[in-house]
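Colleague: dropping a prediction and its sequence here:
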Amino acid sequence: DGGITQSPKYLFRKEGQNVTLSCEQNLNHDAMYWYRQDPGQGLRLIYYSQIVNDFQKGDIAEGYSVSREKKESFPLTVTSAQKNPTAFYLCASSTGSSGNTIYFGEGSWLTVV
Amino acid sequence: GQNIDQPTEMTATEGAIVQINCTYQTSGFNGLFWYQQHAGEAPTFLSYNVLDGLEEKGRFSSFLSRSKGYSYLLLKELQMKDSASYLCAPLGGGFKTIFGAGTRLFVKA
């Protein structure tokens, strides 16, 4: 079945550690996105990529990094520079064309301990 | 600037009809999405409007007025499983989708 797979579902991080969240899609979508959601809040865009080997900062990119070496994959690294990383992280993809519907993975819960 | 305004919470009774309003301001406009999000889960696509008017899809309908920067989601024959957050998401300039904080809908028996 086509879809977006995020892993891990739950992750705990110690202060000062970097962690990487995986996102893989087999929908043949050109565009991929990472959003952060805090409890009771909306989705905020961290990074997005419209094509392989290219990505753009979203509204809250500080403390995060991404890569887009393959069309199917868009991993997100939460670095130690991100001071408040505990949140629900959502990876998404779309065709990238006009009226493109964004489809989401199941999300990853990151907690700093 | 970019801004999305939705009510924070709404409560309705099973079997009733509820309308969730959304006003928006974006830099450029290429349509508007509505998503449903159950607690702890990812959002799922409900509807997309690019032209003015009402789009009906089963129990859910969505309306758009571009000149007023206004949309609403209409849910009919409410069921308990409709208890969720509903996200208004305009597609702005550069085809960048902007998500509002959402409206938490509580359906009571």
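Modeller: Structure's in. What do you need? Numbering: from 1, shown residues only, chains lettered A, B, ... in the order given.
Colleague: which stretches of the chain form strands?
Modeller: Since you didn't name a chain, this refers to chain A. Using DSSP state E, the strands found in chain A span residues A:4-7, A:10-13, A:19-25, A:31-37, A:43-51, A:54-57, A:64-66, A:76-78, A:87-94, A:103-104, A:108-112.
Colleague: think we crossed wires, I meant chain B
Modeller: Under DSSP E, chain B gives strands at B:3-5, B:9-13, B:18-25, B:32-37, B:44-49, B:53-57, B:60-65, B:70-75, B:84-90, B:103-108.
Colleague: show me what B:Phe60 bridges to in the sheet.
Modeller: With DSSP bridges as the criterion, B:Phe60 is bridged to B:Lys57, B:Leu75.
Colleague: can you redo the strands of chain B as a markdown table with distance to A:Glu62 and mean neighbour count?
Modeller: Any C-beta I mention is one placed from the backbone N, CA and C, and that applies to glycine too. Listed next are the strands of chain B as a markdown table, based on distance: least, CB to CB, whole Å; neighbours: other CB atoms under 10 Å in any protein chain shown:
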| stretch | distance to A:Glu62 | mean neighbour count |
| --- | --- | --- |
| strand B:3-5 | 22 | 16 |
| strand B:9-13 | 31 | 13 |
| strand B:18-25 | 25 | 18 |
| strand B:32-37 | 25 | 24 |
| strand B:44-49 | 29 | 16 |
| strand B:53-57 | 38 | 11 |
| strand B:60-65 | 34 | 19 |
| strand B:70-75 | 32 | 20 |
| strand B:84-90 | 23 | 24 |
| strand B:103-108 | 29 | 17 |
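Colleague: need the ones you listed in TSV (columns: distance to A:Tyr33 and mean pLDDT).
Modeller: Shown next, in TSV, are the strands of chain B (distance: least, CB to CB, whole Å; pLDDT from 0 to 100):
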stretch	distance to A:Tyr33	mean pLDDT
strand B:3-5	17	91
strand B:9-13	27	97
strand B:18-25	19	97
strand B:32-37	13	95
strand B:44-49	14	94
strand B:53-57	24	94
strand B:60-65	22	97
strand B:70-75	22	97
strand B:84-90	12	95
strand B:103-108	22	97
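Colleague: reformat those as TSV; add distance to A:Ser108.
Modeller: Shown next, in TSV, are these (distance: least, CB to CB, whole Å):
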stretch	distance to A:Ser108
strand B:3-5	25
strand B:9-13	27
strand B:18-25	28
strand B:32-37	15
strand B:44-49	17
strand B:53-57	30
strand B:60-65	28
strand B:70-75	28
strand B:84-90	19
strand B:103-108	22
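Colleague: mind putting the strands of chain A in TSV, distance to B:Lys68 and mean neighbour count included?
Modeller: Formatted as TSV, these follow (distance: least, CB to CB, whole Å; neighbours: other CB under 10 Å):
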stretch	distance to B:Lys68	mean neighbour count
strand A:4-7	34	18
strand A:10-13	43	14
strand A:19-25	36	19
strand A:31-37	28	24
strand A:43-51	24	21
strand A:54-57	31	14
strand A:64-66	36	20
strand A:76-78	37	20
strand A:87-94	27	24
strand A:103-104	29	21
strand A:108-112	38	17
